[in-house]
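Engineer: predicted structure and sequence below. I'll ask about it afterward.
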Amino acid sequence: MDKPELSAGALKRILCDNSNLSTGTNSSIMEPILQLLGVENVSAHGVKRYKIILSDGSVSYKYCAVLGSLVQSFEDEIFTKFAVLSLSTYKLMETNNCDNVIIVVTGAKLMVSGSSVNEIIGGPVSLEYGKKSNISALDLLEAGNSKHGLDDTQERRDTGQMAVPISSINQYIKNWTIRGRVTHKSAIKTWNNSNGSGKLFTFNLTDESCDIKITAFRGECDKYFDIVHFGKIYFVGNCTVKESNKKYSDTKHDFELVLHPGSIIKLDNNNDTGCPKIQFDFVKISNLQNMDLESVVDVIGVCKNAGNLATVSSTKFGKDLKKRDISLVDDSKMEINFTLWNKDAENFNGETGSIVIVKKARLTNFGGRSLTTIASTVVDVNPKNSEADELTKWFAAAGRQLKSESLTMAFGRNNDTTLVNLDAITRSNVAISTNSMLIINCIATVIQIGKTVSYMSCLGSCKKKLIELEDGYYRCGKCNKKIIKGEDRIIIKLCIADATKSVWVSAFTEEAEKLIGMSIDEIISATSNEESKIDSIVETILFKKYQFRIRSKLESFNPEIKSNIISVSPINPIAHMHNMLDSINKLIEQ
């Protein structure tokens, strides 16, 4: 076959044009025809890339690289040695400790396969080329910030062309600029320890090739937090590149970026193309009941009710937390409670009828099934997308009048009678309850008896344990008074269980009397206040089933959950049967 004609002189013209070094434009020659003289896989740290040698028939240049989506064509061996190709997009880059400029090829079309040519075209001479300009992509961005910089149209054109794929970022290149959409932004986090104090926030930047985590500490945190907005597109350059810590990063990139005083972040106001829209994997609310607890999910729903901002005291964190509960409903006709914390709770501005998108919420078993924010959660009110439009129409037509069924049981209220399982008593559920106190109703079986304690208490509402004195009197440490006789009281430690969990609980005198079926006076009289005899009476309740109302809270002096029985009653078989039938019917209807 006839040898294809190459674009002689194209490589020199590409390398000698100063504007290419700063902007990466293809202005020197449009889509030059070149030959591939060498291909070497130089992938490292999980980033795929190829080193290639290009020839225009007159000269060859060995400092060439392939990045971005074009890499896959080299992986598939579409481009092989001796192939003739047309360069559609490329840019120039500088490297550390190297006086040569790299031609980065990001787009090319195959003209003739390597197997068809199978030889070198022309007589190319190896070209060595030193840097012709000190202008870099970062310099251009900085110029755009000055009053003598480029106008918006020119700036958009140039910066859009000079951005390198996010997937190409590693520790061995410099003077790069990336362009991407913010697909996650955290709240500001603070720390204070023996090494000092500080603050930080993180955000993820995403383009068509990959996403990467970016962290701003201290001064950069203050400088950029109000500048970076979820969903917007930014140019970012001159950051510290470090290996990604997968313990704290949910991106697939092997590296992450850290901002420093010389870093550049610039909003791309004029171009919303070239970066993927934020992707959601929405789950219908009705399907949440079938998902594993602790799953991280995306949900879109209508705000059926927005609670007020509240302050709760957290024993676990030793500080007050801001909290807001909202109810979300969707066209699956199911409703769920969504708890927002701290900044998310304070910044929520939705109301009844607002469309709420939640990205990366955690599914918990608080009250059956509920959602809560985590560090990476994003909440967007009244977004502009097709799913939101469809949900708005549904709510206006039918959803507003719908009597939806909630996946979240409203337990924890003083007047609530909803039955739940014992697995609702968890550290996280107790911590997020009002005043860190969780109240539930359950049906459980007594499976073990712990220590039973009898004592003499102060009279009236005090009920503190009395101290016996040598003169036969008793003294109350709280009331600081002596009395001749107090009130007999008892505390029983029980382990109760259902199909989901076992929990140790304490039953004080009034509830202990109901469990045993004897008054405290009858118990003391029958046992002469001997603990061994009291234990034998208490053991009569072993393996019996009751309906309990339990209050659980976190101890202030240790991280243990303490649970007390606040009421107990025999099971009403008829009422219990009706409850089970209702539950079965609801499952059948789903």
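Structural biologist: Thanks, I have the structure now.
Engineer: what separates residue 249 from residue 395, distance-wise?
Structural biologist: 37 Å (C-beta to C-beta, to the nearest Å). The way it works is simple: take the backbone N, C-alpha and C, and place the C-beta from them, glycine included.
Engineer: just give me the residue right at the centre of this protein.
Structural biologist: residue 376 (2.9 Å; C-alpha atoms, centre = their mean).
Engineer: that one contacts residue 187, doesn't it?
Structural biologist: No: taking contacts as C-beta atoms under 8 Å, residue 376 lies outside contact range of residue 187: 10.0 Å.
Engineer: burial count for residue 260?
Structural biologist: Per other C-beta atoms under 10 Å, the neighbour tally for residue 260 reads 13.
Engineer: check contacts around it.
Structural biologist: 220, 238-240 (C-beta atoms under 8 Å, 6 or more residues apart in numbering).
Engineer: so what are the domain limits for the protein?
Structural biologist: With domains defined by automatic domain parsing, the chain comprises 10-133, 138-267, 285-406, 422-456+487-578.
Engineer: count of neighbours near residue 226?
Structural biologist: Using other C-beta under 10 Å, residue 226 has 7 other residues around it.
Engineer: one more: residue 256?
Structural biologist: Around residue 256 there are 23 residues (other C-beta under 10 Å).
Engineer: what about it, which SS state?
Structural biologist: Recorded secondary structure, residue 256: strand (DSSP: H, G, I helix; E, B strand; the rest coil).
Engineer: contacts for stretch 246-253 next, please.
Structural biologist: For stretch 246-253, the external contacting residues (C-beta under 8 Å, 6+ apart) are 166-167, 169, 184, 204, 210-213, 244, 256, 376.
Engineer: check what pLDDT residue 404 gets.
Structural biologist: Per-residue pLDDT puts residue 404 at 70.
Engineer: still on that earlier bit, now, the contacts of stretch 246-253 that are in strands?
Structural biologist: 184, 204, 211-213, 256 (DSSP state E).
Engineer: from these, pick the one nearest residue 306.
Structural biologist: The closest of those to residue 306 turns out to be residue 184 (C-beta to C-beta; 24.0 Å).
Engineer: is that closest one bridged to anything, and to what?
Structural biologist: Counting by DSSP bridges, residue 184 is bridged to residue 204.
Engineer: ok, it touching residue 374?
Structural biologist: No: Residue 184 is not in contact with residue 374 according to C-beta under 8 Å; the separation is 11.4 Å.
Engineer: low-confidence ranges in the stretch 201-350 of the chain?
Structural biologist: Low-confidence segments of the stretch 201-350 of the chain (pLDDT under 70): 274, 314-318.
Engineer: same check on the stretch 401-550 of the chain?
Structural biologist: 409-417, 428, 431-436, 529.
Engineer: could you dump the domains of the chain to CSV with distance to residue 278?
Structural biologist: Putting these into CSV (distance: least, C-beta to C-beta, whole Å) gives the following:
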stretch, distance to residue 278
domain 10-133, 20
domain 138-267, 5
domain 285-406, 7
domain 422-456+487-578, 28
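Engineer: which one of those lies nearest to residue 475?
Structural biologist: Among those, domain 422-456+487-578 sits nearest to residue 475 (C-beta to C-beta), with 10.8 Å.
Engineer: show me where the protein has its helices.
Structural biologist: 10-16, 18-23, 71-75, 114-117, 137-145, 152-162, 218-224, 342-347, 386-397, 427-432, 509-516, 520-527, 531-538, 573-589 (DSSP state H).
Engineer: would you reformat those as TSV and include mean neighbour count and distance to residue 331?
Structural biologist: Output for the helices of the chain, formatted as TSV (neighbours: other C-beta atoms under 10 Å; distance: least, C-beta to C-beta, whole Å):
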stretch	mean neighbour count	distance to residue 331
helix 10-16	20	56
helix 18-23	20	49
helix 71-75	17	39
helix 114-117	16	55
helix 137-145	19	46
helix 152-162	17	39
helix 218-224	16	39
helix 342-347	16	25
helix 386-397	14	5
helix 427-432	19	28
helix 509-516	20	45
helix 520-527	15	57
helix 531-538	15	53
helix 573-589	10	16
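Engineer: tabulate those helices (TSV), appending distance to residue 464.
Structural biologist: Output for the helices of the chain, formatted as TSV (distance: least, C-beta to C-beta, whole Å):
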stretch	distance to residue 464
helix 10-16	89
helix 18-23	81
helix 71-75	75
helix 114-117	92
helix 137-145	70
helix 152-162	73
helix 218-224	51
helix 342-347	38
helix 386-397	56
helix 427-432	26
helix 509-516	13
helix 520-527	17
helix 531-538	21
helix 573-589	38
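Engineer: you'd agree residue 568 is up against residue 515?
Structural biologist: Yes: in this structure, residue 568 is within contact of residue 515 by C-beta under 8 Å, at 5.9 Å.
Engineer: give me the common contacts of those two.
Structural biologist: With C-beta under 8 Å, 6+ apart, residue 568 and residue 515 have common neighbours 507, 546.
Engineer: I'd say residue 463 and residue 455 touch.
Structural biologist: No: using C-beta under 8 Å, residue 463 is not in contact with residue 455, being 10.1 Å away.
Engineer: what residues sit buried inside stretch 467-476?
Structural biologist: For stretch 467-476, a neighbour-count test (16 or more other C-beta atoms under 10 Å) marks 474, 476 as buried.
Engineer: how about stretch 47-54?
Structural biologist: 47-50, 52-54.
Engineer: in strands only, show me the residues you listed.
Structural biologist: Using DSSP E, the buried residues of stretch 47-54 in strands are 50, 52-54.
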